[in-house]
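Asks: test case, fold it:
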Amino acid sequence: MATLTLIFADDAVRRIEAEPFETVHQAAQRQGIDILTDCREGACATCKARCSTGDYLPGDYSDEALPDDEAAAGGVLLCQTVMLSDGVVELPYGLEALDLPPAAPVAAEVVAVDRVAASLHRLVLRPEAPIDYLAGQYARIELADGGARAYSFASPPGGDLEFYVRHLEGGLMSEWLAGPARAGDRLRLTAPLGQFHLRAGPRPVLMVAGGTGLAPLLAMLDGRVGPATVLVGARRRDDLFGEDILARTGAEVRLALEDPPPGWRGHTGRVTDLIADALSPSGEVEAYLCGPPAMIDAARADLVARGVPEARIHAERFLPSA
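Replies: Residues are numbered from 1 along each chain as shown. Model prediction:
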């Protein structure tokens, strides 16, 4: 039996169990998810998707429906594909295409609220029911007054849920965390959501984070086996966080500040300045970028210029959430 995570284009997530020798389409249909298909013979490409993690048998299909270059990049036809292990499949359409309802929110209790930096809050929640997510994904957190904001999981799956929230004056979540929030408060959250997740594979990992974009990378690093280099950028020293967690992961960590204090020994400038020295000459790397859009665009352009294929660059844009 293989557990398969289906990630839709609208960031919705569904999980199914696939029996041995059962195609992904058959498994999904058996569990109430009627994936878009037409011919069911591997000829029309209606059920084309991408398997980003996991081992599978691609089955028989037409080269016109799935050209060799797409297949080499993880492209699959779900009416033919049989999973050999747990995996993740990314579909090019949203839940509305299948007329499926959104996930129901889960109640959670506040375990801790901390001010971990001058402009940063840490929120720890304990959900009433387990939430099975992929490291890198996010949750939509609802306050008692009905307002909601989205934040990435900073902790690995299993146990309490940890989030980091940048403080914005007048921001809905910021003002609640800085004011009335207390341990024991009740919230609701919808999760898992998002297409940003850690891929399994043999390549070294390069992570580039700006500001609170470090949060999902912390979840990815926890328990990861294999070499990883993490480049972390912030404007000021007080904006950095998670250094103790990074130290425990064993990853190689390099810091950059745009406005450093006197005596700063790290890099002065943008975090993207560090990419050149972090890459191996071969460019064999799986890259994860998370932070402001300008940082993402600059890092992606630099990596591509240095020979890293687009398919090995995974990004999540972080925007201030008031």
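
Asks: against which helices or strands is the helix or strand of the chain with the lowest mean pLDDT packed?
Replies: When the helices and strands of the chain are compared on mean pLDDT, DSSP states H and E, helix 243-249 comes out lowest with a mean of 91. Here helix 243-249 touches helix 214-221, strand 228-234, strand 252-257, going by 3 or more CB pairs under 8 Å, 6 or more residues apart in numbering; DSSP states H and E. No exception for glycine: its C-beta is placed from N, CA and C like everyone else's.

Asks: tally of neighbours for G242?
Replies: G242 has 24 neighbours, counted by other CB atoms under 10 Å.

Asks: what separates the helix or strand containing A191 from the chain centre, distance-wise?
Replies: Using DSSP states H and E, A191 falls within strand 186-193. Centroid displacement of strand 186-193 relative to its chain, using CA atoms, centre = their mean, to the nearest Å, is 16 Å.

Asks: just the angle for the helix or strand just after it relative to helix 214-221, thanks.
Replies: Sequence order places strand 205-210 as the next helix or strand after strand 186-193, per DSSP H and E. Counting by axes from the mean of the first three to the mean of the last three CA atoms, to 10 degrees, strand 205-210 lies at 160 degrees to helix 214-221.

Asks: convert the C-alpha atoms of the least confident helix or strand of the chain to PDB, please.
Replies: Extracted C-alpha coordinates of helix 243-249, given in PDB (Å, rounded to 0.1, in the frame of the first residue of the first chain):
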ATOM      1  CA  GLU A 243      20.000  30.000  14.400                       C
ATOM      2  CA  ASP A 244      19.900  27.400  17.200                       C
ATOM      3  CA  ILE A 245      17.700  25.100  15.100                       C
ATOM      4  CA  LEU A 246      20.000  25.500  12.100                       C
ATOM      5  CA  ALA A 247      23.000  24.600  14.200                       C
ATOM      6  CA  ARG A 248      21.300  21.300  15.300                       C
ATOM      7  CA  THR A 249      20.600  20.300  11.700                       C
END
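
Asks: report the buried residues of it.
Replies: I245, L246, T249 (16 or more other CB atoms under 10 Å).
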